[in-house]
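> My questions concern the predicted model and sequence given below.
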Amino acid sequence: MRIIIPIKQVPETSNVKMDPETGTMVREGVESIINPLDLYSIETGIRLKEKYGGEIIVVSMGPKKAEEALKEAIAMGCDDGVLLTDRFFAGSDTFATSYTISKAIEKLKPFDLILCGERATDGDTAQVGPGIASLLGLPLSTFTSKVEVEDGHIIANRLIEGGYEVLNLPMPALVTVVKEIADPRLPTLTGKLKAKKLEIKQWTAKDIEANPESLGLKGSPTRVVKTFSPKVTREGKVIEVKDENSLNQALDEILELLKEKAVI
Amino acid sequence: MKYNSITPQIVDELKQIVGERNVIYDDIEAMEAYSHDEVAEKHYAHMPDVVLKPTSAEQISKIVKLANKYKIPVTPRGAGSGLSGGAVPICGGIVLSVEKMNKILEIDTQNLMAVVEPGVVTNEINNVVKEYGLYYAGYPMSVETCYVGGNVAENAGGGKAIKYGVTARYIMGLEMVTPEGDIITLGGKRVKDVTGYNLLHLMVGSEGTLGIFTKIIVKLQPMPVATADLLVLFNSVKEAIDIVPIIMTNGKIIPTSIEFMDELSFKTSCEYLNEKLPYQSAKAMLLIELDGDNMDIIESQYETIGELCMQNGAIEVYVADNATTIERVWRIRRNVAEAWKLVSPHQSLEDIVVPISEIPTFMDRLAELQTKYNVSIPCYGHAGDGNLHVTPVKDPEWSLDKWYDTLNKLLPEMYKIVANLGGTISGEHGIGHKRKPYMPLVLKDTEIELMKRIKKAFDPNMILNPGKLFDID
Amino acid sequence: MKEIWIYAEARGGRVNEVAHELLTRALDLKEKLDNSIVSAVLIGHDIPDEDKQELIQRGADKLYYVDDPKLKDFLVEPYSKVLIQLVKEYTPEIIIAPATTQGRTLMPYTAVRLRTGLTADCTGLDIDEEGNLLQTRPAIGGNIMATIKTATRPQMSTVRPHSTRPAPIMDGQRQGEIINIKIQLTQEDLPTARLDFIKDETQGGTIQDADVIVSGGRGVGKADNFKIVYKLAELLGGAVGGSRDVVDRGWIGYPHQVGLSGKTVNPKLYIALGISGAIQHLAGMQTSDTIIAVNKDPDAQIFRVSDLGIVADVTELVPALIEKLEVAKSEV
C-alpha cells in the first residue's frame, strides 16, 4: 500500500496565552508541534503499513521549519516526506490549501490511500481533508474511528451523531480519522536517527505545476476582516462547601437554577 | 519539655503585633488546615492554639520574643506541602504562617540574584525571572504549591538535583529571626565567603528549628531553552541502574534528571493513564532529561545516551523532544503516586538515599521485604542521585491496625538495610517528626548530641519548632 | 431575487431539528439583505410531507426537494453532486449548513468544486453594508473570534448546532413553493456504499444533540465513580460527557469527549463535574447557555465561565444532589 498523509505544524496551544490588549495570541516562546490530531492519521498509516506492507509519504505545507513535523512523523515510522514551501503559498485559506496539497499529491501518484487528521487545532475547520478528496475526485470517509482493508476496498466506521456508520469505499480513497482510531506511538531513537539522515524534498508552486491564481492569499476566496477576543467570563456565583449548611445552600442553588432553566 | 498554654490575654498581645485579621483563634475549622501537612496519616497531625500571619521581620521578632517570655512553642509554616510533618505544631502553641510574606522584592540582573520573601510560591520565581531569560534551578517537584521558605527549611531537592544540585546551592543569603527574636542577616550577594562558620548553610535544611527566614537571596542562571527526554525500557532493574554511571563516565554527559520507576510503579501509572506503550515485558524504566541552550547539542547528547542504553540491553529508547511527547513521558512518572493512591489511600511515602551503585542490591532486598511482609512496595524516584521514593502501600483488605503494626516492623528493617548500604533515611523530605524515631539508625549518638547542642545554643528556651528531628528533655 | 439557502439536513428519513435553527439564521439574514428570500434544500428519499411543510411554516419561502432511493442515506459523493447541480442552476447568494458531521463533510467537498469559500463552524452571521455575508467563528481553541468574508459566490458557511433557537412556526398559514427535482445518478456517482449503522446505545444519547450534558473530569476520582455522573445525567435527561483527561484514561469513551480534540457542544445546560477547565476543554463548551461547575479547587479555571460554581468534592456533592433530585421527583 502506498499511503499519503498530509500533516500540519501548529502552535502548541494547550497552554496558549492571549494578549489581553490586542486580543491576539502571544506567539513568543510558543513551540511548534505536529497538529495533535494528525498523530492519529500517522499512527493509522503506520499500522496499515505494518499489516499490508508498502510505504508512507508525509506531506506538509508551511515554512522551512515545518520540516521538523515531517521528521517527527518519519521518526514515528513514515518513510518519506515532502515539504511544500513557497512564498506564494502564504495566506492560504482552506480552499487554497486543499488545492495546493492536492496538486502535490497528484505528483505523488499512484497511491492507495490518503489519511488526514480530523482537523488542525489552530484553524479548527476540518475542511482541508474533504477538500483534497473532492479536488482529486476521491471517495471520502470523514470522522473515521476504524479502518480495515478488504480486497481493494476500505471498510470505515464513521463516528456520527447517534452512532457509527459503516462505509465501503473503493481505493484510492481519502479517510479523515478521529482520535478513537488508535493510540499514537512515541518516536524511537532508531526512528529519530533515520529521520535525521533523510533529506526532505522541498517543492515550490512550480514543482507541483500549480495555477498561481489559486495559491496563497490571492487564491483564497475567504478573508479574515476582523479578529477580537471572545467574552468568556461570566459573573457566576461561587459557593464554597465547607459544612452541612453551605452544602445545603449549594444544593438549593443548583435545584433553583435547574428549575429556572426548566431542566426539572 | 513543659510549655505554657495560650491565654486570651496573650492572644490580645499577639493581635497587637500582627493585627486582628492576621490571627486565627478559637476557630477550629479555620485552624484545621494548619494542623497537618501532606502526610496523610491523621496521627501525625496536631491542632495549633493560635495561627498568626505576620507580614514583616519586625512582627516575627516581636512574636518570638513574646513566645520566649511566656514559654510558648512557635512552629513556622510555609505552604504545608511537606512530607515529614515538619510544619505540624506537635506541642500546640503558635503556628507562624509566612503566607502573607509573598513578595518578590528584587530581581538583580547584574548579579544574577533575586531577593524574595519566604511565602513566595517557588514556581512564581521562575514565572517572573523568565521575562529576563533567567531561571531559578533550586526547586523540587511540587513547584505548583510549595513556598521557597519551606524549600530552604527542608533543603529540598527534586528531580533535577543530578545536574543542578539541591536548594542549598542556590541560597546566597538569608535574613532571619533567631529563636530568641533577634533579626540577623547571613550571607549576601557574594559568591565567595569564608568569614567564620558557615551559619548560612547551617540554616538551610534546619527544618524550622533554628530560625525563621524573612528574606531569601537566591542565585539565578540563564534559562535553558532546549529540552529533550528519553524514556528507556529495561529488562531488569540492574541494567537500568548500571547505565547511570556509564552515561556520566563513558557518555561524558550530566543529564538534568534520571528518574527511575520499577515495574510496580510504571505499570500502575500506565494502567491508570491508559498509556499503551509496549511496556509489558519491561522490568524498569528510566526517564532521562537533558536541557541546554542549543537543540543540536541536546540532540547529539540524547543520541549518545540512547546508544549507550541500547548497547547495555535496553528494550527500547523513546525520544521526546516537543511539548506533546515530553508531557506524555513525564505523565507516567508524575502519576505514580496518584495511581497508587487509587489502589489504596494508605501508604507510607519514604525518601531513602543509597549510593547509586547500591540501588540494584537495595531493590533485591526490597523484594525480599515485600514477600516477607506481604506488602506491595512500588519504588520510584531520582536514580541520578540515589534518592528513591519507596512507598509501602496498604493492602485494601487489611485493617488499619494491621497496617500500622506491619509498617512499624517493616520501616526499621528497611532503614537498617539502607544504613548498611551506606545510605540514609531522607534525601529531600526531611525528618520532621515522622522519621524522628529512625534518626539513630543512621546517625551516631555523638552526631545527634552535637546537633542537640547546636539547637540549645540557638534556642535555649526550646521555643522554635520543638519535637522535630530529635527530642530534648 | 437573492436566495439564502439552508441545507435542511435529513437523518434517518426525517428533517433534523437543526434545520429549524438554520431557518432562524436565514430569516435574520433575509431581513438584512435587500430583495432576498429563504430557500431550503432537502436531499433524501421519502421524506414525509409534514417535515417539508414544517420547513415552510417555520420560514422557508421555497423548498428544493431532491428525492431518489439512492439518496436514502447521506453519502457525500452523490449528495455533493446534487448540491453542485442545484447551485449551478439556481445560483444562491448564501448557503448555510449545520456544522454537524454531515454538514462538515458535504460542504467542504462541495465548496472546492464550486471554487468558492467556506467558513467552518460559525457562531455568528451578519450582513455588511455592501450586502456581503459576515461570518464569525471561534479559532485557536476559542481564544480568538474571527470575522470572515467570502469574495466568491455562493458564500458558504457551516453553523454550530444549538447556537441559536429553532425558528418558530409562524401562523400555520404560510404558503411556500415546493420544487421537486429529479437528478440522474449513475453508478459512478455512487462509489461508496453504506453497509450498516451501529447505534450508540450509551444512555442519554450523543453529546452533540443533547440539551443537557453532565460531564466528568479528573475530579471524579476514578473510572468507577463515573456511575454518579451517569446517574445525574439520567435524572436530568441528559447525555454524559468527559474531559480529554478522563477519555485518555479510558474512564469514558471518545465519542463523549468535549473539547478541542473532541466535540464542541452547545447545550442549554452544561454541568462540569471535577473538570479544572483547561483551555482545550473550555473551547468545547463555553458557549453553552448555562454552565454549572463543581470543583474542589476554588481557583479552577472552569469557574470563570460558570453561571454557578460549587467548590466541593464531586464525590460528596453529587450523591447529595442525586438524593435531592430523587426526593423532588417522587414528590411530583
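Happy to help now that I have it. Numbering: from 1, shown residues only, chains lettered A, B, ... in the order given.
> burial count for A:Lys218?
13 (other C-beta atoms under 10 Å in any protein chain shown). For every residue, glycine as well, the C-beta is placed using N, CA and C.
> ok, A:Ala120 - contacts?
Shown in contact with A:Ala120 (C-beta atoms under 8 Å, 6 or more residues apart in numbering or on different chains): A:Lys8, A:Val10, A:Asn35, A:Leu37, A:Asp38, A:Val128.
> With B:Pro396 instead?
B:Val343, B:Ser344.
> Starting from C:Arg218, give me the distance back to it.
According to C-beta to C-beta, to the nearest Å, B:Pro396 stands 21 Å off from C:Arg218.
> One more: B:Glu32?
25 Å.
> So between these two, which is more surrounded?
The neighbour comparison of B:Glu32 against C:Arg218 (other C-beta under 10 Å) goes to C:Arg218, with 18 against 12.
> residues touching the more buried one, list them.
Applying C-beta under 8 Å, 6+ apart, the residues near C:Arg218 are C:Ser243, C:Asp245, C:Val246, C:Gly274, C:Ile275, C:Ser276.
> Identify, from those residues, the entry nearest to B:Pro73.
C:Ser276 (38.2 Å; C-beta to C-beta).
> part of a helix, is that closest one?
No: C:Ser276 is assigned coil when assessed by DSSP: H, G, I helix; E, B strand; the rest coil, not a helix.
> so what's it scoring on pLDDT?
As predicted, C:Ser276 sits at a pLDDT of 93.
> Can you report how many residues neighbour it?
21.
> wait, B:Met363 sits on B:Asp262?
Yes: taking C-beta atoms under 8 Å as the definition, B:Met363 is a contact partner of B:Asp262 at 6.8 Å.
> all helices for the stretch 351-473 of chain B, in order.
B:359-373, B:400-420, B:439-442, B:445-458 (DSSP state H, counting those that start in this stretch).
> Actually, the stretch 51-200 of chain A.
A:67-76, A:94-107, A:128-135, A:189-197.
> hey, what's in contact with both of B:Met363 and B:Asp262?
B:Val237, B:Cys379.
> which residues does B:Ile332 contact?
Counting by C-beta under 8 Å, 6+ apart, B:Ile332 has contacts B:Leu231, B:Met261, B:Phe266, B:Ser269, B:Cys270, B:Leu273, B:Glu275, B:Met285, B:Leu287.
> what residue ranges in chain A score low on pLDDT?
A:14-29, A:232-233 (pLDDT under 70).
> Near chain A, which residues of chain B are found?
B:29, B:230-231, B:276-277, B:299, B:302-303, B:306-307, B:310, B:316-320, B:322-325, B:328-329 (C-beta under 8 Å from any C-beta of the partner chain).
> sorry, back to before: buried deepest among the helices of the stretch 51-200 of chain A, which one?
helix A:128-135 (a mean of 28; mean count of other C-beta atoms under 10 Å in any protein chain shown).
> what's it in contact with?
By C-beta under 8 Å, 6+ apart, the surrounding residues in contact with helix A:128-135 are A:6, A:94-95, A:97-99, A:101-102, A:105, A:114, A:116-120, A:138-140, A:142, A:173-174, A:176, C:76, C:80, C:104-105, C:108-113.
> The closest residue to chain C within the stretch 301-450 of chain B sits in which helix or strand?
As assessed by C-beta to the nearest C-beta, chain C sits closest to B:Leu342 within the stretch 301-450 of chain B, at 5.4 Å. Taking DSSP states H and E as the criterion, B:Leu342 maps to helix B:336-343.
> Report the contact partners of residue 222.
No chain was given, so I picked chain A. Counting by C-beta under 8 Å, 6+ apart, A:Thr222 touches A:Asp93, A:Thr94, A:Phe95, C:Gly117, C:Leu118, C:Thr119, C:Ile148, C:Lys149, C:Thr150, C:Ala151.
> hm, I was asking about chain C
Neighbour list for C:Lys222: B:Leu342, C:Trp251 [criterion: C-beta under 8 Å, 6+ apart].
> 10 Å instead?
For C:Lys222, the contact set (C-beta atoms under 10 Å, 6 or more residues apart in numbering or on different chains) comprises B:Tyr272, B:Lys341, B:Leu342, C:Val246, C:Arg249, C:Trp251, C:Thr315.
> nearest to A:Met76, of the residues you listed?
Closest to A:Met76, out of all of the contacts of C:Lys222 and judged by C-beta to C-beta, is C:Arg249, at 22.6 Å.
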